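Engineer: just coords:
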């Protein structure tokens with residue numbers, strides 16, 4: 001049974017190993033044989049383990065990670081019968097969400113296969129998602145669910161690791177305003193993106209965000225239509241679902257989508273900036289969950305008289321209790337991978353090849369793929385790191401690829417690159433750098 005779990009991968013110079021003993025397997029005991037040699041043997045038939053102990057182990061495995069739980073159920077029939085089948089539960093059930101898994105965007109032999117990297121342990125797995133044959137990908141939620149679109153109208157949720165039944169949500173025609181319905185026609189190349197979407201705190205509703213249209217929809221599986229909420233922004237913002245609540249940024253601070261039974265959904269101010277963000281075209285605001293802390297990155301690009309550019313990245317911690325934001329020069333030793341539409345942070349203890357308190361830029365940011373080719377910005381001293389290759393800025397994104405061999409930073413930087421559409425951006429020939 002240990003062979004089922006003892007699989008190692010290599011990515012970015014890191015060996016990724018699944019430890020069978022994490023699931024409660026006994027360590028083989030060595031006893032001295034009659035001829036003086038060491039023999040390995042186990043003293044229990046684990047397949048006959050009773051439902052009580054096996055069920056308890058299954059609960060602890062599931063509390064740690066859903067991928068281990070899926071593999072635990074696959075070991076043998078008796079273990080599978082004592083465990084809850086995820087496919088019998090809604091995709092909104094948080095117990096089965098692959099929260100710690102980042103979907104890599106490398107090109108694999110099978111067009112419907114995807115590789116996932118656990119940002120908490122470094123483990124890498126690959127799974128085939130047959131639903132991608134007939135669906136387009138709108139985005140990925142913080143819970144690790146994939147938002148799919150079928151026939152340019154039907155919205156569905158998929159758990160890529162448990163393969164729970166697709167959860168149907170109301171059609172997009174009940175959310176988009178009538179003047180935008182033509183964008184749903186098959187011959188239109190309108191890039192629909194739903195980053196900033198996720199599961200609401202009530203564990204029964206889904207929040208669907210189209211930030212380019214300043215529209216948020218709220219619905220439950222089985223509802224006939226979305227409840228629409230509009231908001232106004234004058235600066236490019238990357239919204240975020242944080243602790244089951246929707247947040248976005250304006251030039252004056254952070255807005256929160258407030259929901260209650262006695263009032264309709266509405267946007268309210270959650271925190272105010274002391275100094276407003278400039279509404280200039282080159283500015284953007286990015287919300288990120290930094291290990292349980294809500295943070296805001298204000299990205300600016302200023303053109304100087306000598307035609308050079310000055311780039312700055314101001315980081316704020318959002319204090320929701322006091323409704324204020326205050327500047328910081330640290331990410332708590334973590335690293336932030338920032339894209340135009342979504343961002344995430346990782347621990348440098350798990351990935352030591354990544355620098356702490358550093359903002360790594362994704363490939364849909366201009367400064368990463370044009371001109372100076374900046375790869376990273378170090379917060380404490382404001383220094384930058386150049387990319388180790390140049391991308392041809394004249395090549396449009398559907399045909400642009402990142403040359404190999406690729407580093408772990410490349411893989412993470414492409415996880416949240418969504419320009420112009422997620423399915424067009426891919427790594428090729430992934431190898432350890």
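Structural biologist: Now that the structure is in, tell me what you want to look at. Keep in mind that what you see is a predicted model, and the values were worked out from it rather than measured.
Engineer: just so I have it, where are all the helices in the chain?
Structural biologist: 2-5, 51-64, 66-73, 77-81, 366-369, 408-415 (DSSP state H).
Engineer: Make JSON lines from these and add mean neighbour count, mean pLDDT and distance to residue 293 to it.
Structural biologist: Every C-beta, even on glycine, is put in place using the N, C-alpha and C of the backbone. Shown next, in JSON lines, are the helices of the chain (neighbours: other C-beta atoms under 10 Å; pLDDT from 0 to 100; distance: least, C-beta to C-beta, whole Å):
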{"stretch": "helix 2-5", "mean neighbour count": "13", "mean pLDDT": "36", "distance to residue 293": "33"}
{"stretch": "helix 51-64", "mean neighbour count": "16", "mean pLDDT": "87", "distance to residue 293": "23"}
{"stretch": "helix 66-73", "mean neighbour count": "21", "mean pLDDT": "92", "distance to residue 293": "24"}
{"stretch": "helix 77-81", "mean neighbour count": "14", "mean pLDDT": "86", "distance to residue 293": "38"}
{"stretch": "helix 366-369", "mean neighbour count": "20", "mean pLDDT": "80", "distance to residue 293": "25"}
{"stretch": "helix 408-415", "mean neighbour count": "23", "mean pLDDT": "87", "distance to residue 293": "19"}
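Engineer: So which of those is nearest residue 149?
Structural biologist: Residue 149 lies closest to helix 408-415 among the helices of the chain, at 20.0 Å (C-beta to C-beta).
Engineer: helices or strands next to that closest one in the packing?
Structural biologist: strand 101-103, strand 335-338, strand 358-361, strand 374-378 (3 or more C-beta pairs under 8 Å, 6 or more residues apart in numbering; DSSP states H and E).
Engineer: Could you figure out how far it is turned away from strand 374-378?
Structural biologist: If you take axes from the mean of the first three to the mean of the last three C-alpha atoms, to 10 degrees, helix 408-415 sits at 100 degrees to strand 374-378.
Engineer: if we can go back for a sec, ok, which of the helices of the chain comes nearest residue 239?
Structural biologist: Short answer: helix 408-415, nearest of these by C-beta to C-beta, at 17.5 Å.
Engineer: can you give me how far the closest one is from the chain middle?
Structural biologist: Offset of helix 408-415 from its chain centre (C-alpha atoms, centre = their mean, to the nearest Å): 12 Å.
Engineer: returning to what we had before: may I see the helices and strands packed on helix 408-415 organised as JSON lines, with distance to residue 163, mean neighbour count and mean pLDDT added?
Structural biologist: What follows is the helices and strands packed on helix 408-415, written out as JSON lines (distance: least, C-beta to C-beta, whole Å; neighbours: other C-beta atoms under 10 Å; pLDDT from 0 to 100):
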{"stretch": "strand 101-103", "distance to residue 163": "14", "mean neighbour count": "22", "mean pLDDT": "90"}
{"stretch": "strand 335-338", "distance to residue 163": "27", "mean neighbour count": "24", "mean pLDDT": "96"}
{"stretch": "strand 358-361", "distance to residue 163": "31", "mean neighbour count": "24", "mean pLDDT": "96"}
{"stretch": "strand 374-378", "distance to residue 163": "36", "mean neighbour count": "20", "mean pLDDT": "91"}
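Engineer: can those strands go into TSV with extra columns for distance to residue 273?
Structural biologist: Output for the helices and strands packed on helix 408-415, formatted as TSV (distance: least, C-beta to C-beta, whole Å):
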stretch	distance to residue 273
strand 101-103	30
strand 335-338	18
strand 358-361	19
strand 374-378	20
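Engineer: just to revisit the earlier point, I'd like the helices of the chain as TSV, with distance to residue 128 appended.
Structural biologist: Output for the helices of the chain, formatted as TSV (distance: least, C-beta to C-beta, whole Å):
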stretch	distance to residue 128
helix 2-5	18
helix 51-64	23
helix 66-73	14
helix 77-81	20
helix 366-369	31
helix 408-415	19
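Engineer: No further questions, thank you.
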